[in-house]
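# What shape does this take:
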Amino acid sequence: LLDLVAIATIADMVPLTGENRALAHFGLIVLRQSPRPGIIALCHVLKLDQTRVATEDIAFSIGPRLNAASRMAHGSQAYRLLTTTDPAEAAALAEVLEGNNHARRASVDTVLDDVEMMISSQPAGGEILVCGGPSWPLGVLGLAASRLAERYHCRVFLWAKNGRGEIKGSCRADGSVNVVDLMRAVGDFFINFGGHTSAGGFSLAADRLGELPERLTTA
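As a prediction, this is how the structure comes out:
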C-alpha cells in the first residue's frame, strides 16, 4: 500500500520530515513500479513517466486530479480509480478525473472573476474580504479563497449555498492570523466551524448572512 501512502502523504501537503519523509521516500519507490491500473492510467493521461514520478508530480498533477473528484462530482470516482483491477475502467475513470479537473479550474476562474467584479467599486485594502454567490460550487471555494488571500494578503471568507439553502463557506489566510481563533471570537454566530491556522470552513443560518462581514471585522 506504500504507493497509495505516498500519494496521500504528499497530496495532503504535510511537512515531509521525520516519518512523513520516510513514507514518501519509500512510497515513491513503490509508486514508480505500481501495477495498479488506476495509477498507470492516470500517469498515461497526464503524460507522466511512471518510473520517474516525483514529489512535484503528485502535488501538482496527480493529487489535484484525485481531489477534483470530490470537488466537482463525488470522491468515489477517485476511490474506484485507485482500487479497480480493470484497465479499461481505469482508463475511463482517469479521463473523467481529467475532465473534472478542467471543470474545477473553470469554476475557480469564475469565482475569482465574480469576486473581482464585486470588489472593483470598493475601496482598496482591508484586512478581511467577504464575498459569496449562492450558486458558486462549494468544492472550489477553498481554492479560490487561497488564491485571493495570496493576491490581496488578507483573510478571505467565501460562501455559497448548499442544496438545502444553508450557507457554507471556506476561509483562508496567510498564517499571520489564526482563522479558527477568529471565528471562535465571533461567538455563537456560526452553526459550526473548524480548520487550522490558515484554512477553515464554516456554516451559518441564511438569515444571518448579512451580519458576517461586520462580525468578522469586529471580532
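
# Which parts of the chain are strands?
128-132, 155-161, 167-172, 192-195, 199-204 (DSSP state E).

# With distance to Ser70, mean pLDDT and mean neighbour count added, can I get those in TSV?
Just so you know, the C-beta spots here come from the backbone N, C-alpha and C atoms, and that holds for glycine as well. Below are the strands of the chain laid out as TSV (distance: least, C-beta to C-beta, whole Å; pLDDT from 0 to 100; neighbours: other C-beta atoms under 10 Å):
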stretch	distance to Ser70	mean pLDDT	mean neighbour count
strand 128-132	21	93	20
strand 155-161	16	95	23
strand 167-172	14	96	24
strand 192-195	17	93	14
strand 199-204	14	94	20
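
# Tell me which of the ones you listed lies nearest to Gly18.
strand 199-204 (22.2 Å; C-beta to C-beta).

# The closest one to strand 155-161, inter-axis angle?
With axes from the mean of the first three to the mean of the last three C-alpha atoms, to 10 degrees defining the directions, strand 199-204 sits at 40 degrees from strand 155-161.

# So what touches strand 199-204?
For strand 199-204, the external contacting residues (C-beta atoms under 8 Å, 6 or more residues apart in numbering) are 142, 146, 157, 166-173, 179-180, 183, 189-195, 212.

# Tell me the buried residues in the longest helix along the chain?
Determined from DSSP state H, the single longest helix within the chain is helix 87-119. Applying a neighbour-count criterion of 16 or more other C-beta atoms under 10 Å, one finds 90-91, 93-94, 96-97, 100-101, 103-104, 107-108, 110-112, 114-115 buried in helix 87-119.

# Keeping just the C-alphas, turn stretch 50-63 into CSV.
Taking Å, rounded to 0.1, in the frame of the first residue of the first chain, the C-alpha atoms of stretch 50-63 are listed here in CSV:
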residue,chain,number,x,y,z
GLN,A,50,5.6,6.4,-14.0
THR,A,51,9.1,5.1,-13.4
ARG,A,52,10.2,8.7,-12.7
VAL,A,53,7.2,10.1,-10.8
ALA,A,54,8.5,12.7,-8.2
THR,A,55,7.0,14.6,-5.3
GLU,A,56,6.1,17.5,-7.5
ASP,A,57,4.1,15.3,-9.9
ILE,A,58,1.9,14.1,-7.0
ALA,A,59,1.5,17.6,-5.5
PHE,A,60,0.7,19.4,-8.8
SER,A,61,-0.7,16.8,-11.1
ILE,A,62,-1.9,13.5,-9.5
GLY,A,63,-3.2,15.0,-6.3
